[in-house]
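Asks: Predicted model follows, preceded by the sequence.
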Amino acid sequence: MGKRKGLLFVISGPSGCGKTTLGEKILSGDKNLVRSVSVTTRPRRKGEKEGREYFFVSEKEFTRLREEDSFLEWAKIFGYFYGTPKEFVLKNINQGKDVILIIDVQGARQVRKKFPQAISIFLTPPSLKTLQERLKKRRLDGPGEIEKRLQQAEKELRSQREYDYIVMNKDLDKATELLSAIISLERIKFRR
């Protein structure tokens, strides 16, 4: 029997639903899980480090990487490009490591087309009002940008039926427990 290949977990949902926070919590408690760091053209936010949250590149560099087919998926979101490095994901999966992608809904759709065995998890806020409060609280966007993100969130919430699992992020600890249980369940199913 050959070496077990890793699993690919895709976590996505609307902007501000807690994908990154939840993903970081899961990763800190699971040594068998690695996060794929996306490439982006958006400016670095305060406190972000190159290679930790994202790899920050120019639009010209992003276009070059895209033309070289370096991305498992890519999308333009709110004026900036984001992409998942294909080589990193495939290398880790082939080495038997489980990989987690924390990406938007457009990207998740592309990954499921190219990688149908990916396990997709949709993270949903308890309500759009809660999402609006979270977006305001994180103080990263102005009122106009928040309104755009809420309109996009309404569209994205309709796509949750496309996913294998839906996790409501009302309480971070409970959402983390549920996500951890899903990962454990999928590993057990896979080993069977």
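Replies: Cool, got the structure. Numbers count the residues shown, from 1 in each chain.
Asks: Do a quick rundown of the helices in this structure.
Replies: Taking DSSP state H as the criterion, the chain carries its helices at 19-28, 59-67, 86-94, 105-114, 128-137, 143-157, 172-191.
Asks: Go through the fourth one and flag the buried ones.
Replies: Right, the one you point to is helix 105-114. 105-112 (16 or more other Cβ atoms under 10 Å). From N, CA and C alone the C-beta is placed, and that goes for glycine too.
Asks: before we move on, what about the first one?
Replies: Judged by neighbour count using 16+ other Cβ under 10 Å, the buried positions of helix 19-28 are 19, 21-23, 25-26.
Asks: Adding distance to residue 144 and pLDDT as columns, could you present those in TSV?
Replies: Output for the buried residues of helix 19-28, formatted as TSV (distance: Cβ to Cβ, whole Å; pLDDT from 0 to 100):
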residue	distance to residue 144	pLDDT
19	22	88
21	24	88
22	27	92
23	27	90
25	31	92
26	32	93
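Asks: Go through the residues you listed and name the one nearest residue 58.
Replies: Set against residue 58, the nearest of these by Cβ to Cβ is residue 19 (25.0 Å).
Asks: returning to that earlier point: would you mind giving the buried residues of helix 105-114 as TSV with distance to residue 72 added?
Replies: Shown next, in TSV, are the buried residues of helix 105-114 (distance: Cβ to Cβ, whole Å):
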residue	distance to residue 72
105	15
106	13
107	9
108	11
109	12
110	8
111	6
112	11
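Asks: Residue 115: neighbouring residues, count only.
Replies: Per other Cβ atoms under 10 Å, the neighbour tally for residue 115 reads 18.
Asks: out of everything not next to it in sequence, what's closest to it?
Replies: residue 8 (5.9 Å; Cβ to Cβ, 6 or more residues apart in numbering).
Asks: partners of that neighbour in the sheet?
Replies: For residue 8, the beta-bridge partners under DSSP bridges are residue 99.
Asks: What distance do you get for it to residue 69?
Replies: Using Cβ to Cβ, to the nearest Å, residue 8 is found at 18 Å from residue 69.
Asks: between the two, who's got more neighbours?
Replies: Between residue 8 and residue 69, counting by other Cβ under 10 Å, residue 8 is the more crowded of the two (22 against 8).
Asks: could you give the angle of the lowest-mean-pLDDT helix or strand in the chain to helix 143-157?
Replies: Sorting the helices and strands of the chain by mean pLDDT, DSSP states H and E puts helix 128-137 at the bottom, at a mean of 76. If you take axes from the mean of the first three to the mean of the last three Cα atoms, to 10 degrees, helix 128-137 sits at 140 degrees to helix 143-157.
Asks: so who does the nearest residue to residue 105 once chain neighbours are set aside touch?
Replies: Leaving aside its sequence neighbours, residue 105 sits nearest to residue 156 (Cβ to Cβ, 6+ apart; 4.4 Å). Residue 156 makes contacts with 13-14, 104-105, as judged by Cβ atoms under 8 Å, 6 or more residues apart in numbering.
Asks: Residue 156 and residue 71, how far apart?
Replies: 20 Å.
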